[in-house]
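Enquirer: From the sequence below, what's the structure:
(one chain, ligands or ions: 1)
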Amino acid sequence: MTAAKKTVGVGIIGAGSRGVYCVATRMAELAPDENLVVKALCDRNPDRMKEGKEHLEKEFAERGVDTDIRLFSDYQELIADPEVDLVMVSTTCDAHRGPALAALASGKKVYLDKPIAADLDDTIAIIEGQYKYKNTLMMGFSRRYEPAWRKAHELLDDGVIGDLWMMQIRAVIPYWRYFQGWWRRRKWSGGALNDKSSHHYDVLNWFARSRCEKISAFGGRTDIFKPDPDGPERCQECDRECPYRHKMSQKEIAQDYIALRGKSWLEETEEKHRHDNCVYLPGADIHDHVVSQLAYENGIKASLFWAIFGPKSKNGETLELVGSKGRMILTRSSSQIDLATDYGERQEVIDCKGDEHKTSHYGADRQMVRDIRRFVDGHDPVVSALDGYESTRMIMATHKSIDSGGETVWMKDVPSARSV
Ligand SMILES: NC(=O)c1ccc[n+]([C@@H]2O[C@H](COP(=O)([O-])OP(=O)(O)OC[C@H]3O[C@@H](n4cnc5c(N)ncnc54)[C@H](O)[C@@H]3O)[C@@H](O)[C@H]2O)c1
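Expert: Predicted coordinates for the structure are as follows:
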């Protein structure tokens, strides 16, 4: 019998959907094996912290783990807490920099959620911080922990499609919630493109095994979410028929939502912190679609076809890789890879659905918790800050290209960190 793993105390800065209800809840589910136990929370909203404490203590107790979670309004105090070994930063993107740097400086293990930051200044500061404090952080790009994407990478490594030459990610997803929450302004999120497609660029970089050289993109904002100065401010004060109604304002599910997360979300009053702003509320400056072309230093070409107003559908996100001898198409929601090898002589569908397919992000978050444990135990991070730095620099180049009407932006002209 193997000895139980030593308890690792986790402190979470940013006790919202991702930090508490996704990653930390998966930690509780895996606590008997991985022994990552939440000991502290910090959030700007005190009620949010109380709700998070209650939710997590119950989740851990159900797996036989007692924890009395301490609450901090100051992230420095959470980081200094001797019971905290691993600091998780899952605030809104504009607030990653302060806690990430302080956590790196403390010498403790650090997990930072993606994207690395909302702008280039913060992105560069976090990278410089890693070098300055000689500490490495781990990032949460979900697809890198997801079985189907890992399998596709392994197949590519095994040479089943020959040399890789072309890649495409198609993401046509019903993600209008980006107009409802803090994603709606670039200064808070770096744009919806930064929030969602930093994932996409990160995996393209991972498959290309090269650096992006230049980007040309067309996109912007359709009139689907055209601002309406006469509309209501938020869903909960609106009784119009609307396909974009936020979950917590839909009577039939509001009670479940409140029962799980408490009322702190409903009681937020500022535009930045409400999650049910009307999608037509003026002020949003984010793009809602893009067609972007990338050229890599090693000759690989890639494209991203992305919209956040797509309908719910079974194949909202796909990855296609074309090599010299074959090609594969990964469909994210079904975790299947359609593979053609030997110049098309062999065709097969590989099903990567495991027992955890129905858990969050098709099993990625459970796997990520295991990989966080390995990281705490001394292994390299699966995804590093440098990966996050590269993908957010590419997003900013994409914004620049879109805003200039599609001009080519060279990555060497995008501000970079001195230490890289
Ligand atoms: N890896 C993934 O698949 C994935 C999925 C969802 C979100 N995320 C990322 O996780 C992060 C959080 O997103 P979310 O969906 O949980 O948002 P959220 O709005 O649900 O939660 C963010 C929390 O941060 C708190 N906060 C904001 N500023 C703060 C500050 N200065 N100090 C302390 N707390 C502060 C807010 O009050 C809120 O509770 C973002 O970086 C987001 O992109 C990653």
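Enquirer: V291: neighbouring residues, count only.
Expert: Other residues within reach of V291, judged by other CB atoms under 10 Å, total 15. Any C-beta I mention is one placed from the backbone N, CA and C, and that applies to glycine too.
Enquirer: For it, which residues are in contact?
Expert: Applying CB atoms under 8 Å, 6 or more residues apart in numbering, we find V291 in contact with A217, F218, G219, S303, L304, F305, W306.
Enquirer: next one: E390
Expert: Applying CB under 8 Å, 6+ apart, one finds that E390 lies in contact with Y201, D202, N205, R211, C212.
Enquirer: Name the residues linked to the last one by a beta bridge.
Expert: Going by DSSP bridges, C212 is paired in beta bridges with Y296.
Enquirer: Give me the most central residue, this structure.
Expert: What sits nearest the mean C-alpha location of the chain, by CA atoms, centre = their mean, is K114, with 4.5 Å.
Enquirer: Wait, that one touches S197, no?
Expert: No: using CB atoms under 8 Å, K114 is not in contact with S197, being 10.6 Å away.
Enquirer: what residues does this protein put near the ligand?
Expert: Residues of the chain found near the ligand, taking CB under 6 Å from any ligand atom as the criterion, are 13-19, 42-45, 48, 90-93, 95, 113-114, 140, 142, 181-182, 195, 361.
Enquirer: so where do the strands sit in the stretch 51-200 of the chain?
Expert: Secondary structure of the stretch 51-200 of the chain by DSSP state E, counting those that start in this stretch: the strands cover 70-72, 86-89, 109-112, 137-139, 164-172.
Enquirer: For these, give me CSV that also has mean neighbour count and mean pLDDT.
Expert: Putting these into CSV (neighbours: other CB atoms under 10 Å; pLDDT from 0 to 100) gives the following:
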stretch, mean neighbour count, mean pLDDT
strand 70-72, 17, 98
strand 86-89, 27, 98
strand 109-112, 26, 98
strand 137-139, 24, 98
strand 164-172, 19, 98
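Enquirer: Give the ranges of residues in this protein that sit below the confidence cut-off.
Expert: In the predicted model, the chain carries pLDDT under 70 at residues 1-3.
Enquirer: Could you check how far stretch 278-294 is from the centre of its chain?
Expert: The gap between the average C-alpha position of stretch 278-294 and the chain average comes to 18 Å, counting by CA atoms, centre = their mean, to the nearest Å.
Enquirer: Sticking with the one residue in the stretch 201-350 of the chain that gets nearest to the ligand, tell me its helix or strand.
Expert: In the stretch 201-350 of the chain, no residue comes nearer to the ligand than H273, which is 6.0 Å away by CB to the nearest ligand atom. When elements are assigned from DSSP states H and E, H273 belongs to no helix and no strand.
Enquirer: Domains in the chain, by residue range?
Expert: For the chain, whose domains are defined here by automatic domain parsing, the residue ranges read 8-142, 143-225+284-369+383-413, 235-267.
Enquirer: who wins for proximity to C278 among those domains?
Expert: For the domains of the chain, distance to C278 was read as CB to CB. The smallest value, 6.5 Å, belongs to domain 235-267.
Enquirer: what about V349, how many residues close to it?
Expert: What V349 shows, counting by other CB under 10 Å, is a neighbour count of 11.
Enquirer: which residues sit in contact with it?
Expert: If a contact means CB under 8 Å, 6+ apart, then V349 has Q336, I337, D338, L339 as its contacts.
Enquirer: Just say helix, strand or coil for the second one.
Expert: Meaning I337. What DSSP: H, G, I helix; E, B strand; the rest coil gives for I337 is strand.
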